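Asks: Please find the sequence and the predicted model below.
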Amino acid sequence: MKDYKLIFLTSLIIVKIVGCTNTQQNATNISKTETTSGQTLPKKMNMIKQKITPSLWVDKDAKVVVDYYLSIFKDGKMKEYHQYKNPPEAKEQGGQDSFETAVMEIGGIEFNILAAGPYFKFNESISFVINCKDQAEVDYYWYALTANGGQEGSCGWCKDKYGLSWQVVPVEYFELINNNDPKVREKAMRNTLKQKKLILSELK
């Protein structure tokens, strides 16, 4: 129960910080334009582009976590990093002295990283699918994610060294399992169950 109180408190603090930051940024970025009604409208406003942003809770070292994912997803970048001191209320509940947040972009998607202590772990109920253009790309992501403490699963599933689950899938795979020919579908599904990393040539 104590852990959940701490998590709730930390979450409230983060929401307040982010909300205040966004309000200040928006106020800074608003410039006036003339209107026929005599009102002023925002000419430019700093808005969040994604409607939904995945948020990943890790123990510590938000920058190290981001660097790890950027070493795998080569087109990525870190967009923000912040460190905050926990208030006395959080410390009284067993919290750490500080926590970190970061925003990274990989595969064109922004992820929030919250490094706030060892209270939650990833599990297979959440995973991210990597749509690969060919077998070479499947091989690259599979080996990159399972190296240095990662773990192979079955049917194209694996975990990275932080325990986050990924599905590494060639896009042609979906054409096979949804094919109009039942023999093609059945072979693809049957051979999927025999594989860890998906091998496209064995599924056709």
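Replies: Good, I have the coordinates. Since the model is a prediction, treat every value here as computed from it, not as a measurement. Numbering: from 1, shown residues only.
Asks: nearest spatial neighbour of residue 59, skipping sequence neighbours?
Replies: residue 118 (4.7 Å; C-beta to C-beta, 6 or more residues apart in numbering). The way it works is simple: take the backbone N, C-alpha and C, and place the C-beta from them, glycine included.
Asks: wait, isn't that neighbour in contact with residue 58?
Replies: No: using C-beta atoms under 8 Å, residue 118 makes no contact with residue 58, being 9.1 Å away.
Asks: Who has more neighbours out of the two?
Replies: residue 58 (23 against 11; other C-beta atoms under 10 Å).
Asks: tell me the contacts of the more buried one?
Replies: By C-beta atoms under 8 Å, 6 or more residues apart in numbering, the contact set of residue 58 is 65, 113, 114, 115, 162.
Asks: What's the first helix or strand after the strand or helix carrying the third one?
Replies: Right, the one you point to is residue 114. Using DSSP states H and E, residue 114 falls within strand 109-115. Going down the chain from strand 109-115, the next helix or strand is strand 127-132, by DSSP H and E.
Asks: and that next one, how far from the chain's centre?
Replies: Put simply, strand 127-132 sits 11 Å off its chain's centre (C-alpha atoms, centre = their mean, to the nearest Å).
Asks: Output the contacting helices and strands for that strand.
Replies: Counting contacts by 3 or more C-beta pairs under 8 Å, 6 or more residues apart in numbering; DSSP states H and E, strand 127-132 packs against helix 135-146, strand 165-170.
Asks: Including mean pLDDT and distance to residue 188, could these go into a markdown table?
Replies: Formatted as a markdown table, the helices and strands packed on strand 127-132 follow (pLDDT from 0 to 100; distance: least, C-beta to C-beta, whole Å):
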| stretch | mean pLDDT | distance to residue 188 |
| --- | --- | --- |
| helix 135-146 | 98 | 15 |
| strand 165-170 | 98 | 11 |
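Asks: Pick the most buried one from these.
Replies: strand 165-170 (a mean of 20; mean count of other C-beta atoms under 10 Å).
Asks: Sheet partners, orientation included, of that one?
Replies: strand 127-132 (parallel), strand 157-159 (antiparallel) (DSSP bridges).
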